[in-house]
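[1] 3D model of this:
(chains A and B)
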There are 2 protein chains.
Amino acid sequence: MRKETFNADTKAINDLRVLTLDMIEKANSGHPGMAMDVAPALYTLYAHHLNAFPQDPKSPFRDRFVLSSGHCSALLYALLHMAGYEIAIDDLKSFRQLGSKTPGHPEYGLTPGIDATAGPLGQGIAQAVGMAMAEKHLAALYPQAKHLSHKTYVLCGDGCLEEGISQEAISYAGNLELNNLILIYDRNGSTLDDETSVSMKDDAALRFYSAGWNVLHVKDGNDIRTIDRALTKAKKSRSVPTAIIIDSTIGYGTPLQGSHKSHGSPLNAEDYEKTRKGFGADYEPFAVPEVSTNHLRALIKERTAALYEEKKAAYEEFLKTEEGKTYLKGVERVDYLSYLPDAPEQSRAEASRKVSGQIVAALGQKMPSFFGGSADVAASVMTAIPGDPLFSVVHPEGKDIRFGIREFGMASFINGILLHEGLTAYGGCFLVFSDYLKPAIRMAALEKLPAIYLFSHDSLAVGEDGPTHQPIEQLAMLRSIPGLVVLRPGDERETHFAWAEALKRKDGPTAIVLSRQKLLPIENSSPEGFARGAYVVYQPKAKIVPEGEVIASGSEVGLAIEAAKLLEEKGIYVNVVSMPSFELFEKQDENYKKSVLSLPYGKRVSLEMATTYGWGKYAAHNIGADAYGASGKEKDVLKAYGFTSKEVAEKIQKALRG
Amino acid sequence: MRKETFNADTKAINDLRVLTLDMIEKANSGHPGMAMDVAPALYTLYAHHLNAFPQDPKSPFRDRFVLSSGHCSALLYALLHMAGYEIAIDDLKSFRQLGSKTPGHPEYGLTPGIDATAGPLGQGIAQAVGMAMAEKHLAALYPQAKHLSHKTYVLCGDGCLEEGISQEAISYAGNLELNNLILIYDRNGSTLDDETSVSMKDDAALRFYSAGWNVLHVKDGNDIRTIDRALTKAKKSRSVPTAIIIDSTIGYGTPLQGSHKSHGSPLNAEDYEKTRKGFGADYEPFAVPEVSTNHLRALIKERTAALYEEKKAAYEEFLKTEEGKTYLKGVERVDYLSYLPDAPEQSRAEASRKVSGQIVAALGQKMPSFFGGSADVAASVMTAIPGDPLFSVVHPEGKDIRFGIREFGMASFINGILLHEGLTAYGGCFLVFSDYLKPAIRMAALEKLPAIYLFSHDSLAVGEDGPTHQPIEQLAMLRSIPGLVVLRPGDERETHFAWAEALKRKDGPTAIVLSRQKLLPIENSSPEGFARGAYVVYQPKAKIVPEGEVIASGSEVGLAIEAAKLLEEKGIYVNVVSMPSFELFEKQDENYKKSVLSLPYGKRVSLEMATTYGWGKYAAHNIGADAYGASGKEKDVLKAYGFTSKEVAEKIQKALRG
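    Modelled structure (predicted):
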């Protein structure tokens, strides 16, 4: 920061604060507390450090910024406006209004300059870690594209650091020595309900040190010179991520300064006027002085104009090279086509996790954009890439990520990797632990990110590990998430089809649900049927109208066919439908749906070794497991819960004939 | 530890290891790695420190022990057997077999001496924190019952500490200065896939220090003298929780010693034999020498026999006092009856969160066993107790818990509080963030704990905060969890009924789902109908058979009645059913169900401002929101998503008449 800008910066910061307050007051909704205290830091970052480009907010070589404290959105929108992003004063006036570009919490894809959706606390830190991972990995894959290198910044408060996900992110970033990551911790001493000390008295510096971070401390949130120096220093880190801890006073400049009461509600009219006056605003609401806007824009232009042109030219040159073309395929997600192994003509009896493992191995060895791993279950969920050195600070080119026992973190890092663009990211764990990463799956769906989750050990057939490890309600949980496509393949071929579907997706996440145990081959498995979500895989040999339809997924498709054959011996003819995906099926037209589910509702029976919750839509009779499992040998558990072909056949018969 | 026991202890530890290996080999399933290295620490704890009583494993004044690394179950079962708990050699022989007392992971309620279910990593630490909180609070409530005081121990490994929940627990325990909590961290340097350093290189001591813990370090996991001294010192802590970090070697004594390959699979036959021999086992599998068993039992008896009698006598005396009777009511969960405010005769138009807040305030001021709070949303979810000093180290008598922004932690602490027994525990957050605590809700259901969750801001009506804060799929997620009862009251009276149901439960958790906005009174709301999960609350005035049935919950009950009235003007008569709980309704007999849902499936319409996922069971036509919400004024958002009485009426008409 140059000395001569200090006064203009200070004025611009106060004008930024006033503009932010104007937005919150007009909306009569929002969070003034943190915005008032962190404005100097955020302004200093954008004015003097962040290499992002208002004229091209999606440029791949920009620095990334994540506002992990999403409730501080008004400040960021106001700053983006002042910085010259395509956010007009009218957009600021419609803060938190339906259809605006300036929603209550930042939404990725909606607003220029917003690099991540935020609001659910803690996840922003983890998403930033994912971005930094992607940057490191791409730099290693494409050493000739030095211009792609950049920093990732994340701003958080006490709330983010109380959430457990923050520790997963901090610990993992330290382990990876992500020196391209800079975290700004606005320690304003207050949460929504109380002073922070009521719930947390951590020594934050020690905590970051314990994970191997560099820590810088700014004692006064208004001291932009020290903030500036800290950012300068952080950018120079050669080996580890940096946390800049800034002590500030919540609601600075308002009559509620220092009190948690300033956190989450607009000021009353009197306090609002007082605060504006205190910040020297002698102008109407939203009439932010041009002198401040111009000052900020000039600063950014002066600092980044040449850099932008230089990076852009280099980027365009790079795209003309073979490596550049390969890179671009990864960005556009078209590079899987030639690498995905062909499905076999006929399925073998095999566990779908093993089939998936072979696909992962093949893609990992050949597909340039492939990047992922598991939460310490590489050997069980089969996510290992043979010969890969494992992604690390020593081997940033490694494709096989060992996320540690951090499921939630894993899924959030993946979100960050995908927000960064250029890579195909996936992560695996046991299906039952999809519980742990639910909030990050929702985030991927909100951000429309094509994350791929591999969830194995998908039923009671887990056996000995018992009820804590046997999923029951997880399929329902996943299927209920808007925007997530859940695929539960029923045999070897269907597992190939599932991977193809997952890699094809561009607008949202996909979960592939995999068995621990061997699956019986489905004779009529088809890629077209699979892609439509449900299709008839078995019809009685006798050419008569069936008496019932059994709808199953995954390992239960084979079981249903066995049961159907037993019923045939009794003269009861039923079709079997493989329904690997509710979501894909729902996208089909009514004619197709009726061709698959051709009998009346009362003649349909669902079969899944999981909760029946959700199956009522397709079948009046639901065979499943609506209670927790038990520890025992797979065979014993399945028998105890009635999942033998004989018992299933009896239940189907009872359902159809009473 | 007395010097003279050292040799016998060492032999007993090796015999314990062999017995553990025998179990894993016989089951051909299990985790030898950690068991081998942590046997000395666990043995030393039980032999020389833990004030628990094999003859009375549920005594309320015992020390608690949580095996957070649940996969180490074989070691604990073997130790409990040797210590004299009611676990026979035959039980050990049926390790991981269906119907045994010795399942793959410890299950609370199934096995004597198991104080918590474990397996999902990290949660054990948080449950232990909850137990320690309960101990502190009860000690403050009943100062005359000093004999109830005890320590809580938890054993964890690297996996637990990689999980984010561990940080929520560590940070909060430090904040509360829980000197009654002792954590043993078996740092064996290995996870399932790799050396721990591949995913975590944290300085664990610094990390605990950062949260205000005392840290002790044992350099050699076999050094039982130092372990013993560390435990002695930890028990004396007057002000903070203690972490004992023990460096050990995974798979100690096996040919795979030091390798992650020893973590999760039985040894092969040759390695098994070698290991047994190495530990000096010259006896048949399961023939654990009496000398070791006797030695351990004698140690425990000598140390605890008098203590037990003394505590038991004091406890029995205490139960005769007024305070003791009050305490016992809390244990038996019968103490709510006289404290719960009566429901009003007629509902007022009020937000259900506000009604709940009034009930919380009333119970908090009067009900002795009441203990809970929220994850930094006391003012929004209305969990504050007026006049309460807030639970803290200075005010352990405080009933209002400020959990911090730690939703998952909150629910796990609640599990620990309830495992401890004696208190009624609850916690609140926004419904959308029930995602964060899903794994702990599942745990509560597995442990059959009567946790109460207050989830407010339960629909798109959240408004300005936007899609990150508007629940869509959360109701489905919650309803799909076996053992959880979900209650979504539709007006003031129903909110009272919901609290009564929640407080009545003894065998599992309950979620009360609350609105941010005002709810219209339901004229015919009834406690009997509510308790049965669904009941008719509106019938057309004209006494004719209705043309359709609209089933709704929460805020949509009032909306459905409004729509029904609009339809009446057109001569379309529909019943409205309030269905506050799927789970309670499913418990009713077929006659009752048919009396409520009296029309055929095709004539039923569900209405909920949430995903329709799951409603297919009750109604062929589902009005809901199967996509994410948007930021805007409540009224604007509801209009945009079609939740006005006019539009709902049109949709119902279309559903019924095409």
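
[2] any idea how far A:Thr102 is from A:Lys639?
    Relative to A:Lys639, A:Thr102 is positioned 58 Å away (criterion: CB to CB, to the nearest Å). To be clear about C-beta, it is placed using only N, CA and C from the backbone, and glycine gets the same treatment.

[3] more crowded one of these two?
    When A:Thr102 is set against A:Lys639 and neighbours are counted by other CB atoms under 10 Å in any protein chain shown, the residue ahead is A:Thr102, at 29 against 15.

[4] Find the helix or strand that that one is a member of.
    A:Thr102 is part of no helix or strand, with elements assigned from DSSP states H and E.

[5] residues near the residue of the stretch 301-450 of chain A found nearest chain B, how many?
    When distances are taken as CB to the nearest CB, the stretch 301-450 of chain A reaches nearest to chain B at A:Gly404, 3.0 Å away. The number of residues packed near A:Gly404 is 28, by other CB under 10 Å.

[6] distance of it from A:Met443?
    Distance from A:Gly404 to A:Met443, counting by CB to CB: 20 Å.

[7] just A:Glu647 next, same as before
    As for A:Glu647, its distance to A:Met443 is 41 Å (criterion: CB to CB).

[8] who's more crowded, the two?
    Counted by other CB under 10 Å, A:Glu647 and A:Met443 do not tie: A:Met443 has more neighbours, with 28 against 15.

[9] The more buried one and A:Pro120 touch, don't they?
    Yes: counting by CB atoms under 8 Å, A:Pro120 is a contact partner of A:Met443 at 6.7 Å.

[10] Does A:Asn188 touch A:Ile245 like I think?
    No: the pair A:Asn188 / A:Ile245 is not scored as a contact, 11.3 Å apart, by CB under 8 Å.

[11] Alongside chain B, which residues does the stretch 401-550 of chain A contribute?
    For the stretch 401-550 of chain A, the contact set with chain B under CB under 8 Å from any CB of the partner chain comprises A:402-409, A:432-433, A:435-436, A:438-439, A:442, A:445-446, A:463-469, A:472-473, A:476-477, A:479-483.

[12] can you list the weak-confidence ranges in chain A?
    Within chain A, the segments meeting pLDDT under 70 span A:1-2, A:542.

[13] quick check: domain ranges of it?
    Taking automatic domain parsing as the criterion, chain A consists of the domains A:3-308, A:350-519, A:534-657.

[14] highest average neighbour count across those domains?
    Of all the domains of chain A, domain A:350-519 carries the top mean neighbour count, a mean of 25, counting by mean count of other CB atoms under 10 Å in any protein chain shown.

[15] returning to what we had before: and the residue of the stretch 301-450 of chain A closest to chain B, what helix or strand is that in?
    Counting by DSSP H and E, there is no helix or strand that carries A:Gly404.

[16] for the residue nearest to it when sequence neighbours are not counted, what are its contacts?
    Spatial nearest neighbour of A:Gly404, chain neighbours left out: B:Ser199 (3.0 Å); criterion: CB to CB, 6 or more residues apart in numbering or on different chains. The neighbours of B:Ser199, taking CB atoms under 8 Å, 6 or more residues apart in numbering or on different chains as the test, are A:Tyr172, A:Asn175, A:Asp376, A:Arg402, A:Phe403, A:Gly404, A:Ile405, A:Arg406, B:Glu162, B:Thr191.

[17] How about A:Leu121?
    With CB under 8 Å, 6+ apart as the criterion, the residues that contact A:Leu121 are A:Ser68, A:Ser69, A:Gly70, A:Gly159, A:Cys160, A:Glu162, A:Glu163, B:Ile405.

[18] can you do 6 Å?
    Counting by CB atoms under 6 Å, 6 or more residues apart in numbering or on different chains, A:Leu121 makes contact with A:Gly159, A:Cys160, A:Glu163, B:Ile405.

[19] so how far is A:Glu163 from it?
    Distance, A:Leu121 to A:Glu163, using CB to CB: 5 Å.
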